[in-house]
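*Asks:* Sequence plus predicted model, see below.
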Protein chains: 2
Amino acid sequence: MARTKDPAIRTLLIERAAHMLRTREPITLRSLVAGTGMSTMAVYTHFGGMDGLWKALRQEGFTRLAARYDSMAGSEDPVRDLTALVAAYLDNALDHPDLYQVMFDASVDLEDLEAADSTLDRLVDTARRAGEAGRFHPDTRPRRLAVQSWIIAHGLVSLVAGGPLSIRTLDNGPPMLTALYIGAGDDPDRCRASVEAGWRVSDRAGV
Amino acid sequence: MARTKDPAIRTLLIERAAHMLRTREPITLRSLVAGTGMSTMAVYTHFGGMDGLWKALRQEGFTRLAARYDSMAGSEDPVRDLTALVAAYLDNALDHPDLYQVMFDASVDLEDLEAADSTLDRLVDTARRAGEAGRFHPDTRPRRLAVQSWIIAHGLVSLVAGGPLSIRTLDNGPPMLTALYIGAGDDPDRCRASVEAGWRVSDRAGV
DNA sequence: TCCGAAAACATAACATTGCTATGCAATGTA
DNA sequence: TACATTGCATAGCAATGTTATGTTTTCGGA
């Protein structure tokens, strides 16, 4: 009937674009396909244009974040786990700073929303687990606490990665999360220990 | 000796660009000067190119924020004032969402840093005043608390303005600030009242 | 008062951008 | 095996930011 579209080309282009993003090469229609043997039309068959490519890159960013979350083992301390998720969010953003920027600048169509919600759900689940373990006030809304954790993570990383604040600003993470979770009802000493433990899960080297 | 550059043209172009930003018209070199009688070279004499124009727009954004801060009267309750500054930051960003985005996407050269620091200093001063009034632990670092307030404000507004979260998410502002300031040592009940009062200073209509 | 230099500005051309029109080739189905 | 449908290459298009070049304006010094 018709020639079949090779999905490998799609992922190849996305990975190439992600690589160019990381190496700070400007991503243009022609520079993207240069050297690959493909013509510019490949971008149109697979993504419908450059806008489609950027959208696919945003999806890729959320996919990598989800993969990072998948690789994390939960513990019996949900506040530690919640902190670890926030720390992983920061690490992911700092490992792929340009990709992270792409994820949040042109946004937001429906698919972007779904991708963002899907990663947020990890935080919500863990916050709920903490609530069920009696760490928070009984009327604490898990989603609300998850969103607040996300706000801190996003504010931190977007002011640090290419923003006006220095990398040391990340040290504000633990105290801010601690204040947040204590405010939600956690026992101060226990909370500090949990956040401390969760923060250290990150593989941030000497930051 | 030489023809003198008219500074009025510079501000005219900036205001025109800011207006086009607000009305979602794409800002291109030619569209910017179209209808003004100027030629495209005006942008080069006054800004050195489009990059210079974007940089001037970022400065304009910080200038408007500073003007908003200038218009605010301080009270005898510095925690209320600190909250009011954060609320004003949010209002400013929501009043000029596109300008706000410009302020933080391409950033950051030295002048941008200075402009950001200058507005941050308002928060630092107020946080220091709160510390001197005995609201916080004696070892609370004002700049640290100011930065943490900024992180919350920026995280909130950048996830809400054009981001994945709804406008109602702004309701997370007061509880987050309250948790932060209580964590810094403020008395819980007094803190809640101060934050409540500071938040209401904003002219956000029914949000 | 006038001249000359220096800077602002207008005009126009340039390379590069994303995109589209068109034709060809490949491939699965009838 | 014939054919229709789709992937893809080539080439050209309008629009972008920039630069090259010439003109005009303005101000300081003779």
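*Replies:* Thanks, I have it.

*Asks:* Could you point out the helix or strand that follows the longest helix seen in chain A?
*Replies:* For chain A, the helix with the greatest residue count under DSSP state H is helix A:110-132. With elements assigned by DSSP states H and E, the helix or strand that comes after helix A:110-132 is helix A:142-160.

*Asks:* by how many degrees do that next one and helix B:142-160 diverge?
*Replies:* Using axes from the mean of the first three to the mean of the last three Cα atoms, to 10 degrees, one finds that helix A:142-160 and helix B:142-160 are set 110 degrees apart in direction.

*Asks:* Packing partners of helix A:142-160?
*Replies:* Helices and strands touching helix A:142-160, by 3 or more Cβ pairs under 8 Å, 6 or more residues apart in numbering or on different chains; DSSP states H and E, are helix A:78-95, helix A:97-105, helix A:110-132, helix A:173-183, helix B:142-160, helix B:173-183. The way it works is simple: take the backbone N, C-alpha and C, and place the C-beta from them, glycine included.

*Asks:* List the contacts of the third one.
*Replies:* With Cβ atoms under 8 Å, 6 or more residues apart in numbering or on different chains as the contact definition, helix A:110-132 has outside contacts at A:55, A:58-59, A:62-63, A:65-66, A:69, A:74, A:78-79, A:81-82, A:85-86, A:103, A:108, A:136, A:138, A:140, A:142-143, A:145-147, A:149-150, A:186, B:164.

*Asks:* same thing but at 6 Å, please
*Replies:* Outside helix A:110-132, the residues that touch it by Cβ atoms under 6 Å, 6 or more residues apart in numbering or on different chains are A:58-59, A:62, A:65-66, A:69, A:78-79, A:81-82, A:85, A:140, A:142-143, A:145-146, A:149, B:164.

*Asks:* now the second one
*Replies:* The contact list for helix A:97-105 (Cβ under 6 Å, 6+ apart) reads A:21, A:57-58, A:61, A:93, A:161, B:105.

*Asks:* closest to DNA strand D among the residues you listed?
*Replies:* Taking Cβ to the nearest atom of the strand as the measure, DNA strand D sits nearest to residue B:105 out of the contacts of helix A:97-105, at 15.3 Å.

*Asks:* The least confident helix or strand in chain A by mean pLDDT: which residues count as buried?
*Replies:* Among the secondary structure pieces of chain A, namely its helices and strands, helix A:97-105 has the lowest mean (mean pLDDT, DSSP states H and E), a mean of 92. Buried residues in helix A:97-105, counted by 16 or more other Cβ atoms under 10 Å in any protein chain shown: A:97-104.

*Asks:* SS state for residue A:5?
*Replies:* Classification of residue A:5 by DSSP: H, G, I helix; E, B strand; the rest coil places it in coil.

*Asks:* does the nearest residue to it once chain neighbours are set aside belong to a helix or a strand, and which?
*Replies:* The shortest distance from residue A:5 to any residue that is not its chain neighbour, by Cβ to Cβ, 6 or more residues apart in numbering or on different chains, is 6.4 Å, and that residue is residue A:45. Here residue A:45 is covered by helix A:41-47, with elements defined by DSSP H and E.

*Asks:* and that helix with DNA strand D, contact?
*Replies:* Yes - if you take Cβ under 7 Å from any atom of the strand as the test, helix A:41-47 does meet DNA strand D, through A:41-42, A:45-46.

*Asks:* With neighbour count, distance to residue B:131 and pLDDT added, can I get those in CSV?
*Replies:* What follows is the residues of helix A:41-47 next to DNA strand D, written out as CSV (neighbours: other Cβ atoms under 10 Å in any protein chain shown; distance: Cβ to Cβ, whole Å; pLDDT from 0 to 100):
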residue, neighbour count, distance to residue B:131, pLDDT
A:41, 10, 63, 96
A:42, 20, 60, 95
A:45, 13, 61, 95
A:46, 20, 57, 96
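
*Asks:* can you give me the angle the longest helix of chain A makes with helix A:142-160?
*Replies:* Taking the same axes, to 10 degrees, one finds helix A:110-132 and helix A:142-160 inclined to each other by 120 degrees.

*Asks:* No more questions from me, cheers.
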